[in-house]
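# From the sequence below, what's the structure:
(one chain, ligands or ions: 1)
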Amino acid sequence: MKISHVDFSGWQANKVTIFTGAGMSAESGIPTFRDRMTGLWARTDPMEIATPWAFRAHPQRVWDWHVHLGGAVLTASPNAGHRAVADLEQRGVHVTVITQNIDNLHQRAGSTKVIELHGNLLRLKSFVDEEAAFAAERPPMICPVCNGYAAWEEHDPYANRDDLLAIQLLAGPVPHCPGCGALLRPDVVWFGEPLAPEALDAAWDAVEQCDLLIAVGASLEVEPAASLPWRALQKGARVIEVNPAPTALAEHCHASFAGSAAEVLPTLLASLWATT
Ligand SMILES: [Zn+2]
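Predicted coordinates for the structure are as follows:
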C-alpha cells in the first residue's frame, strides 16, 4: 500500500465524498446482498427471493430470509474503516457518505450524512402492490403512517411514522402497517426495483460538489452507481480508489490503494489531513 509514497501536499479538500460498496463491510463479516447464505438458506438464490414478485407470492418466506440476513447485520460491528470515516467528520471535515450497503454500519460508527443508495435493511416501509392498485376500482389512498397505498379505508389519520419505526425486522409473522394494514417489508432496493430518486439525486449532488472522492470497496459494475466516481473526475475533483481488487477507475484516478477499507482508510485519511 505505500501510502507514505504519495505526496498529498496541496490537496486542499473542503468537501469530501466517501463512496462505499460491499468491500467496505466485508471485514465486518457481512455477506453481500448477492451472495448466497450458508446453512438454512444456502439453496436460495438472492436474485429470486429479494424481489417484489417473490414478496407478492410468498411474503412470509421473503420476510424470513431478510430476518436471517438482519441477524448477520445486527451482530456485526463497524470496522476501522467505518470508524476512520466517522472520525474525519467529527474533526470538522465536511464528509458525505454515499453507500451501496444496507447494513447501517456507517451510522453506527458515527457518520451523520449518509446517503443510502440501496436503502437500509433495519428500516421498514409498506409493500406497495402495484398490480393490486392497478386492478382496484377505486384509486389507491396514501396512508399517513407508511406513505404506501392503503389496502382499506379504515386507517388512522392521527397515526404517524413513529408507529412504523417501533416495528422491527424480527422473526415471526410479516408485520402490517398499524395505519392501513399493508404488509411491511425492509426498506431496501430489491432486484428489479429502481433506486430511490431522492437518494440518487442527493448522491449526484454530493459527487458534483466534492473536491475529493474516495471510492472504497465498490466493484463499480452496476449503473447508475458505477458512474458516480467518474462524474467526480469529470467535475475536477481528486479521486482515490481503495479496493483489494482495483477497478478500471484505478488507472484514471489520482491515487489507488490495493487494500481493504480497514487496512487503508485510517492511514490514508490521517495522511491526507496531516498535510492540508
Ligand atoms: Zn400504512
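
# Pull the residues that contact the host helix or strand of P186.
Using DSSP states H and E, P186 sits in strand 184-188. Contact with strand 184-188 is made by 33, 50, 55, 59, 62-63, 66, 70, 102, 118-127, 146, 164, 167, 169, 174-177, as judged by Cβ atoms under 8 Å, 6 or more residues apart in numbering. The C-beta positions use only the backbone N, C-alpha and C, and glycine is treated the same way.

# ok, now stretch 70-79?
Here stretch 70-79 makes contact (Cβ under 8 Å, 6+ apart) with 25, 27-31, 86, 102-106, 108-109, 121-122, 169, 186, 261-262.

# Can you list the buried residues in it?
70, 73, 76, 78-79 (16 or more other Cβ atoms under 10 Å).

# These also near the ion: which ones?
Among these, none lies close to the ion by the criterion of Cβ under 5 Å from the ion.

# Farthest pair within those?
Pairwise distances across those peak at 18.8 Å for G70 and N79 (criterion: Cβ to Cβ).

# So which residues on the stretch 1-150 of the chain come close to the ion?
Contacts of the stretch 1-150 of the chain with the ion, taken as Cβ under 5 Å from the ion, map to 126, 143, 145-146.

# Highest neighbour count among the residues you listed?
C146 (28 neighbours; other Cβ atoms under 10 Å).

# can you give me phi and psi for the closest residue to that residue other than its chain neighbours?
Distances taken as Cβ to Cβ, 6 or more residues apart in numbering place S126 nearest to C146, at 3.7 Å, with adjacent residues excluded. In terms of degrees, to the nearest 10, the main-chain angles of S126 are phi -80, psi 150.

# Identify the residues contacting S126.
S126 is in contact with 143, 146-149, 177, 180, 182-185, counting by Cβ under 8 Å, 6+ apart.

# Then G119?
Here G119 is in contact with 102, 186-189, 196 (Cβ under 8 Å, 6+ apart).

# tell me the pLDDT at it?
Confidence at G119, expressed as pLDDT, is 95.

# mind checking pLDDT for the residue nearest to it when sequence neighbours are not counted?
Nearest residue to G119 in three dimensions, chain neighbours excluded: V188, at 3.9 Å (Cβ to Cβ, 6+ apart). Here the pLDDT value assigned to V188 is 95.

# Next, work out how far apart V188 and G70 are.
Using Cβ to Cβ, to the nearest Å, one gets 10 Å for the distance from V188 to G70.

# repeat for G92
Going from G92 to G70 by Cβ to Cβ gives 34 Å.

# burial of R61, as a residue count?
Neighbour tally, R61, other Cβ under 10 Å: 13.

# Correction: the previous question concerned V93.
Number of residues near V93 (other Cβ under 10 Å) recorded here: 18.

# Could I get the contacting residues of it?
13, 16, 273.

# Please list all residues in contact with the first one.
Taking Cβ under 8 Å, 6+ apart, we find A13 in contact with 93, 210-212, 238, 272, 276.

# same deal with E208?
With contact taken as Cβ under 8 Å, 6+ apart, E208 is in contact with 231-232, 235.

# Just the buried ones out of the contacts of stretch 70-79, please.
Buried members of the contacts of stretch 70-79, scored by 16+ other Cβ under 10 Å, are 25, 27-28, 30-31, 86, 102-106, 108-109, 121-122, 169, 186, 261-262.

# Next up, phi/psi of R43, please.
Taking degrees, to the nearest 10 as the convention, R43 sits at phi -90, psi 0.
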